[in-house]
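Asker: below: sequence and its predicted model.
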Amino acid sequence: MKNIRIANRYSKALFSLSLEMNLIDNVRDDMFLISDTFKESNELRRFLLNPIIKDDKKIKIINEIFSNNIHNFTLKFINIIIRKNRFIYIDFIADEFLNLYRRYKNIVLAQIQTASKLNSSSKEKIIDILKDFTKKDIELTEEIKKDLIGGFILKIDDIQYDTSLKSKLLKLTKEFSINIYEKGL
């Protein structure tokens, strides 16, 4: 609960300032990059969370890694986060910032899980259908799960639509496990 409150405060401050400075799209791209980098690199995360390493050294390393890839405004924000010993919350801050951005831009996050990769025309059709359904822009992420066998699972907001063969087979298995035969009839 504490990490959510901290993330809310920092992300709202970052969002307000970036909106005021007309850098909202730049910071959104930066938050995607930062979030992905820290999710993929356990070594970097451990380095930054190490209490023995001084903040100045952490800031220097972060500046070397990100200075050519993110906006200077975002880099300064990350430096403040490090100095305030709040870097453990960077994932939460980035996620909450992206949620604020989506609300501001009227974007809905949708996730589709399929057994194989979708082609671009299928993705476009799905996005068009979802736009008509929600009356909002759609940010579609795709996840490939071979165990679905076929079909797809679509999640949008708190709605899940499951047409996968795996779920249909599980449903049939459950139905067949019930013995409806009664002796003597």
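Answerer: Sure thing, it's come through.
Asker: let me know the pLDDT of Thr173.
Answerer: According to the prediction, Thr173 has pLDDT 85.
Asker: SS state for Gly150?
Answerer: Classification of Gly150 into helix, strand or coil gives coil, according to DSSP: H, G, I helix; E, B strand; the rest coil.
Asker: confidence score at the nearest residue to it once chain neighbours are set aside?
Answerer: Excluding its sequence neighbours, the residue lying closest to Gly150 (C-beta to C-beta, 6 or more residues apart in numbering) is Leu165, at 4.2 Å. Where C-beta positions appear, they are placed from N, C-alpha and C, glycine not excepted. Residue-level confidence at Leu165 comes out at 84, pLDDT.
Asker: what distance do you get for the spatially most central residue of the chain to Ile144?
Answerer: The structure's the chain has its C-alpha centroid closest to Asp95; by C-alpha atoms, centre = their mean the separation is 6.5 Å. Taken as C-beta to C-beta, to the nearest Å, the spacing of Asp95 relative to Ile144 amounts to 22 Å.
Asker: do Ser67 as well
Answerer: With distances defined as C-beta to C-beta, the gap from Ser67 to Ile144 amounts to 34 Å.
Asker: element containing Leu154?
Answerer: Assigned by DSSP states H and E, Leu154 falls within strand 152-156.
Asker: quick check: mean pLDDT of that strand?
Answerer: Over the span of strand 152-156, the pLDDT mean works out to 91.
Asker: that strand: how far from the chain's middle?
Answerer: Centroid separation between strand 152-156 and its chain, computed with C-alpha atoms, centre = their mean, to the nearest Å, is 15 Å.
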